[in-house]
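Take this sequence and fold it.
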Amino acid sequence: MALGEETGPPPFAWHDEKALEDLFGPFGFTVITEESTLSFRARSSSEYIDQEFLLHPMWVEARSILEPTGKWDQTAALAARILEDGNEDQDAFCITSPFVIASAFRGDRRGAPA
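Alright, predicted model coming up:
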């Protein structure tokens, strides 16, 4: 990884309904998932990237860790290229990100006790 540490195990698949059913089912929960998307927009890719690097907590923390090691500039350039390559809008900036809302409940689909 960025600091030379080995990676841990893969993260849990919180987006996967079957994995969630396997996790919560033994405790009497029913799981449902709903897929959706969220679009991130700006007037340009450089405006979006500049704002993200300046204000987003993940990037602020990443910079505080990577800058002292000399790895910030390379990481920022790679991230900017990925965002620019993924831009969906020729005249501005837009990236659409999929996400999943997962709900676990006991009882019927309205959450009423069985």
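
Need phi/psi at C94.
phi -160, psi 130 (degrees, to the nearest 10).

In terms of pLDDT, where does it sit?
pLDDT recorded at C94 is 98.

tally of neighbours for it?
Counted with other C-beta atoms under 10 Å, residues neighbouring C94 total 16. Heads up, the C-betas are built off the backbone N, CA and C, glycines and all.

do the one 3 residues further on as well
Using other C-beta under 10 Å, S97 is surrounded by 10 other residues.

can you check the one 3 residues further on too?
The local packing count at V100 equals 14, with neighbours defined by other C-beta under 10 Å.

Which positions within stretch 70-81 qualify as buried?
W72, T75, A76, A80 (16 or more other C-beta atoms under 10 Å).

Show me which of these is closest to E21.
Nearest to E21 among those is T75, at 37.0 Å by C-beta to C-beta.

Helix, strand, or coil at that closest one?
Under DSSP: H, G, I helix; E, B strand; the rest coil, T75 falls in the helix class.

now it: how far from F105?
Going from T75 to F105 by C-beta to C-beta, to the nearest Å gives 40 Å.

same thing with I82?
The gap separating I82 from F105 is 37 Å, by C-beta to C-beta.

the more surrounded of these two?
Neighbours were counted for I82 and for F105 using other C-beta under 10 Å; F105 has more, 17 against 11.

List the beta-bridge partners for the more buried one.
Beta-bridge pairing of F105 under DSSP bridges involves T30.

Am I right that T7 falls within a strand?
No: assessed with three-state DSSP, T7 is coil; it does not lie in a strand.

Pull up the per-residue confidence for it.
T7 is assigned 85 on the pLDDT scale.

That one - how many residues pack around it?
By the criterion of other C-beta under 10 Å, T7 has 6 neighbours.

Got the phi and psi for it?
phi -80, psi 150.

Equivalent analysis for I32, please.
Per degrees, to the nearest 10, the backbone of I32 is at phi -130, psi 150.

if I look at it, how far off is A19?
Taking C-beta to C-beta, one finds I32 at 14 Å from A19.
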